[in-house]
Each structure stands twice: as structure tokens, then as C-alpha cells.
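In: Have a look at this prediction, sequence included:
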Amino acid sequence: MTNIAEPASVNNSVAGTSAMNNVIREARKVLEIEAAGIMGLVDSIDDNFCRAVRLIEENRGRVIVTGIGKSGIVGRKIVATFCSTGTPALFLHPVEAQHGDLGMVLPTDLVMALSNSGETDELNSILPTLKELGVKVIAITGNPESTLARHADVVIYSGVQREACPLGLAPTASTTAMLALGDALAVVLIKRRDFKACDFKRFHPGGHLGERLKVSLNRVMRTGAHIPLVTSGTLLTDALKEMDKKNLGATLVVDGEKNLLGIITDGDLRRVFLRHGDITEITVDEVMTTDPKRIEAGRSVAEALEMMEQYLITVLPIVDASGELVGVLHLHDLLGQGKIRFSQ
């Protein structure tokens, strides 16, 4: 009896169907694992979660969310959700924090630190400084015995049984669980603050905030005596007094005609202290960052925010068309309380 081979198109069709079924099966498995990771946390919501909610409610400043890698990406989304639902928040990259950005954290702020392992060196290295500032720390971690957990005031458990990644390496279920906990915090706070649809609209580009982003920097910048300012050749000790007086975490350096020469931040001061110890004979010219980023006064708030985000800066000098310093903008001036503050 002669065997008649099936047409190649039939074999390809069968192979294609089999491959498609495998794809569907694997995708469903991922969703099941991630769903199970979230559901596994339902019973772990306890007094620690309630304490975290109370800390955020009672906080007089902002929620500073920090994390690195995939946790950092989750942290940025949590910040976005908080900001749009009435909880002022900012993201702080742990590495940038080690190099000066810790200056954006005020004693009135609250820090939320994200790390599945709780043993992220870049994150844990900034914890002692946060404690010195008196800042409360909420940890979201899958390891309640970790270094991060031991240094936190409140620990929210985010552990999952396994990752959806077949190698068990890529953060998948763990980051989904962390993100869900951030959403849970935001939604609970929405209800406790009686946050309404009209409030939500105000914080979005189509509403009130969007209109305010279009305004000129002339209306929001700090001017005159409110600008932290020293001239070239000033002793660093005198610059430190100016920084303390104006409370912006930085001072600008100009020449005799108010042309911008440089900027000195809290981070610069820490580094020079570590290098020299005694700073009594050091001038600002030896320490300042020369030719700092700047923006012209006629530009919009939205453009300023875009520049500050792009270059990861919190203080932005404002100049006129000739390059003369006319103002300064701090990120807190725009988003310190979830609103843009207009100068009087």
C-alpha cells in the first residue's frame, strides 16, 4: 500500500497551531503566576499598611519615592498615581541622591523605599542620612528581615512565591505585586481624603494644572532678595550662610554685572567637606559647577519642568535675553504642595 504524504501546507498549519497554543498557554501561565502573587498579599495587609497610610496622611511635606532598577520604574509609576490623586510626591534616584540630590529631601518629607530583596546597596547607603534628617521611611520589600526593613519605620511586605520569569531572575511577579501595593495605598488615600473627580481633573493636563503649565516663568520665579546669590571670589563659608538663609539647597555665583558664572549645591558642599575638612580659605570659584543649566525668563513653566527632569536638577537659574540673572526656580516652588505657586 502506497503511503501518501500530507501536503506541506497541512504540516505547517499543524505546526503553526501547536506553536500558537504554546504561546497562549505560556501567556496564561504568566498571568496566573502574577495574579497569584497579588492574591497572596491580600492576607498580609495588616497594621503596618494602616500605619503607612497614617504616616502619609499626617505628612506635612511630600512622599519621596526611591528605588533602583525595576523597583525604580515601579516607584515612578507610584509617584505619578500619588500626584494625580492628591498626594504630593517626587521620585528620587538613589545614585543621584548620593551625589547631591538628597538636598531635595526636607525633614517634613516622608520617604517610601522600594526593594524586593531589601539589600540594594545604592538604596541602603542613603538610609543613615535620611535618619539624620529625621525623615520617616516606609519600606516596601519582599524581605522583612533585610537591611532596608531594619532601617525602616514601617515595613509593607511585598513578597511573592515565585517570579513569572522561567529562570526566576527577571523581576516580574514581584514588581507587579509592588505596583499593586502602591495602587492600594493611593486608592485608600483617595477615599480617606474624600478626593473627588473635580480634584482629579485639576491635576491633569486637560484641567487647571495644564493651563498653569503654560504660564511664563516671570510669574513663578523667585526674584531680588529671594535669590541665593554670591559673587565670584566669595569665601565658601559666606556662601554657606547665604544658602542657609535662602533655604534652597543651593546658591548661584555671578560676576559684578550679575552674569551667571556657576552654582553650588548641598552636594558640592558635602563633597568639599569630605575632601578638605577645613573650608575657611576656599572660595566659591574652586567649588562651583561652572556654566550651569539655565532658562530664559519668557519661557513657560512646562519648559522649565521638562529641563529639570531631563537634567535631573532641582534648582534652575533664570536669565534675561542678555544672560543677566533675573530669577531662580526650585522644583518645590512648582510642585511642593501639588500646586504651582505664583509669586505675589
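Out: Yes, it's here.
In: L167: neighbouring residues, count only.
Out: 6 (other Cβ atoms under 10 Å). No exception for glycine: its C-beta is placed from N, CA and C like everyone else's.
In: Same check on H93?
Out: If we define neighbours as other Cβ under 10 Å, then H93 has 18 of them.
In: The residue nearest to it when sequence neighbours are not counted in helix, strand or coil?
Out: Spatial nearest neighbour of H93, excluding adjacent residues (Cβ to Cβ, 6 or more residues apart in numbering): G72 at 6.6 Å. Under DSSP: H, G, I helix; E, B strand; the rest coil, the three-state class of G72 is helix.
In: Tell me which residues are up against stretch 38-49.
Out: Under the criterion Cβ atoms under 8 Å, 6 or more residues apart in numbering, residues 154-161, 176-177, 180-181, 184-185 lie in contact with stretch 38-49.
In: ignore the last one, stretch 315-333
Out: For stretch 315-333, using Cβ under 8 Å, 6+ apart, the contacting residues are 90, 104, 217-218, 220-223, 226-229, 248-250, 252, 254, 257-260, 263, 265, 292-297, 304, 307-308, 314, 341.
In: Select from those every entry located in strands.
Out: 90, 229, 250, 252, 254, 260, 263, 265, 295-296 (DSSP state E).
In: Could you identify the buried members of those?
Out: 90, 229, 250, 252, 254, 260, 263, 265, 295 (16 or more other Cβ atoms under 10 Å).
In: Farthest pair within these?
Out: The most widely separated members of those are L90 and V254, with 28.4 Å between them, by Cβ to Cβ.
In: can you count the residues close to R299?
Out: 15.
In: check contacts around the residue lying closest to it once chain neighbours are set aside.
Out: For R299, ignoring the flanking residues on the chain, the nearest one in space by Cβ to Cβ, 6+ apart is L217 at 5.7 Å. For L217, the contact set (Cβ under 8 Å, 6+ apart) comprises 295, 297-301, 304, 318, 327, 329.
In: Only the buried members of these: can you turn that into a PyMOL selection?
Out: For the buried members of the contacts of L217, the matching PyMOL selection, counting by 16+ other Cβ under 10 Å, is:
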select buried, resi 295+297+301+304+318+327+329
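In: Worst mean pLDDT across the helices and strands of the protein, which element?
Out: None of the helices or strands of the chain scores lower by mean pLDDT, DSSP states H and E than helix 197-202, at a mean of 51.
In: Quick one: end-to-end length of stretch 163-183, please.
Out: 20 Å (Cα to Cα, to the nearest Å).
In: Walk me through the domains of this protein.
Out: Here the domain parsing of the chain from automatic domain parsing is 42-195, 216-335.
In: Would you confirm that K245 belongs to a strand?
Out: No - K245 is assigned helix when assessed by three-state DSSP, not a strand.
In: residue contacts, it?
Out: P228 are the contacts of K245 under Cβ under 8 Å, 6+ apart.
In: Please tell me how far it sits from V230.
Out: For K245, the distance to V230 equals 11 Å [Cβ to Cβ, to the nearest Å].
In: Likewise for T81?
Out: From T81 to V230 the distance is 40 Å (Cβ to Cβ).
In: Between these two, point out the one with more neighbours.
Out: V230 (24 against 19).
In: Confirm for me that that one is in contact with A239.
Out: Yes - using Cβ atoms under 8 Å, V230 makes contact with A239 at a distance of 4.8 Å.
In: Identify the contacts common to those two.
Out: 251, 253, 284.
In: how close does the residue nearest the centre of the chain sit to R62?
Out: Nearest residue to the geometric centre of the chain (Cα atoms, centre = their mean): F91, 0.5 Å. The gap separating F91 from R62 is 11 Å, by Cβ to Cβ.
In: Now the element after the lengthiest helix in the chain, going C-ward?
Out: Ranked by residue count and defined by DSSP state H, the top helix of the chain is helix 8-39. Per DSSP states H and E, the first helix or strand lying C-terminal to helix 8-39 is helix 47-58.
In: Off-centre distance for that next one?
Out: 20 Å (Cα atoms, centre = their mean, to the nearest Å).
In: Okay, buried residues for it please.
Out: Buried-residue list, helix 47-58, by 16+ other Cβ under 10 Å: 48-49, 52-53, 55-56.
In: between those, which is nearest L269?
Out: Nearest member of those to L269, counting by Cβ to Cβ, is L55, at 29.7 Å.
In: mind listing what the closest one touches?
Out: L55 neighbours (Cβ under 8 Å, 6+ apart): 110, 136, 138, 153-154.
In: helices and strands around the helix or strand containing M178, which ones?
Out: Applying DSSP H and E as the criterion places M178 in helix 173-192. Under the contact criterion of 3 or more Cβ pairs under 8 Å, 6 or more residues apart in numbering; DSSP states H and E, helix 173-192 touches helix 8-39, helix 47-58, helix 70-84, strand 136-141.
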